[in-house]
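# My questions concern the predicted model and sequence given below.
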Amino acid sequence: MTAVSVSLGQQTDYRFEIRFGDNIPELIADEPAPLGKGEGPSPAQLLAASVGNCLSDSLLFALRKFKQAPEPLRCEVTAEVGRNPEGRLRILGIHTTITLGVVASSLEHLDRALAQFEEFCTVTQSVRQAVPVRVTVVDAAGHILRDQT
C-alpha cells in the first residue's frame, strides 16, 4: 500500500495553502464568495481537476502502451453542484470530455485503449463509488469516440 499526503494551512478565512511535498509548488485554495474570496480553486474544482487529470493520464498511458502519440490532450470537466435530499450541497455528477490532439484514424489500437483506460484511473474509480462520472472522448476532428457513464 502507498500513502499520499498533503498538508493544508489556513491563511485567512477559507483560504488555505496546500503543500504537496518536496519540489512541488504550493497551491492556494479558497471558497468562492460569499464564504471566501475565490483567490484559488475551490474544493469542488480541485476534485473535478483530479478526476480529469487522472482520466487524461490513464488514456495517455493506455495509448502509449501501444506506442501511440495522441498529444496534445485537452480535458474539460464540469462538476454539477446541487442539493441532496437533505438540502445539503453535494457534487451530484461529474462530466469529463477528453479531446485528443490527433484524429482517431491516426491511432492504432484506439478501441482497445478506450475500452480499458477508465479501469486504471485511481481517482475516478474511487469517486465513482459515490458520484456518477460521465466520460466522453473526442478526437481532434470532433468525432465522439466514447461517451459513457
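Nice, thanks for sending it over. Numbers count the residues shown, from 1 in each chain.

# how would you label the spatially most central residue of the chain: helix, strand or coil?
Central residue check for the chain by Cα atoms, centre = their mean: the C-alpha nearest the mean position is that of G52, 1.8 Å away. G52 falls in the helix class when you classify it by DSSP: H, G, I helix; E, B strand; the rest coil.

# I'd like to know how far it sits from L35.
G52 sits at a distance of 24 Å from L35 (criterion: Cβ to Cβ, to the nearest Å). In this view, the C-beta of every residue, glycine as well, is placed from N, C-alpha and C.

# before we move on, what about P41?
When P41 is compared with L35 (using Cβ to Cβ), they lie 14 Å apart.

# Give me the more crowded residue out of the two.
For P41 and L35, the more surrounded residue by other Cβ atoms under 10 Å is P41, and the numbers stand at 18 against 11.

# Leaving out sequence neighbours, find the closest residue to the residue nearest to the centre of the chain.
Once its chain neighbours are removed from consideration, G52 has its nearest residue in V77; the separation is 3.9 Å (Cβ to Cβ, 6 or more residues apart in numbering).

# How about the contacts made by that neighbour?
For V77, the contacting residues are 48-49, 51-52, 94-97, taking Cβ atoms under 8 Å, 6 or more residues apart in numbering as the criterion.

# and if we set it to 10 Å?
Shown in contact with V77 (Cβ atoms under 10 Å, 6 or more residues apart in numbering): 45, 47-53, 55-56, 94-98, 133.

# sec struct for V81, please.
Taken by three-state DSSP, the conformation at V81 corresponds to strand.

# my bad, should have said E71
Reduced to three states with three-state DSSP, the structure at E71 is coil.

# next one: A141
Of the three states, A141 takes coil according to three-state DSSP.

# quick one, strands of this structure?
Counting by DSSP state E, the chain forms strands over residues 7-12, 15-19, 27-29, 74-83, 89-99, 133-138, 144-148, given from the N-terminal end onward.
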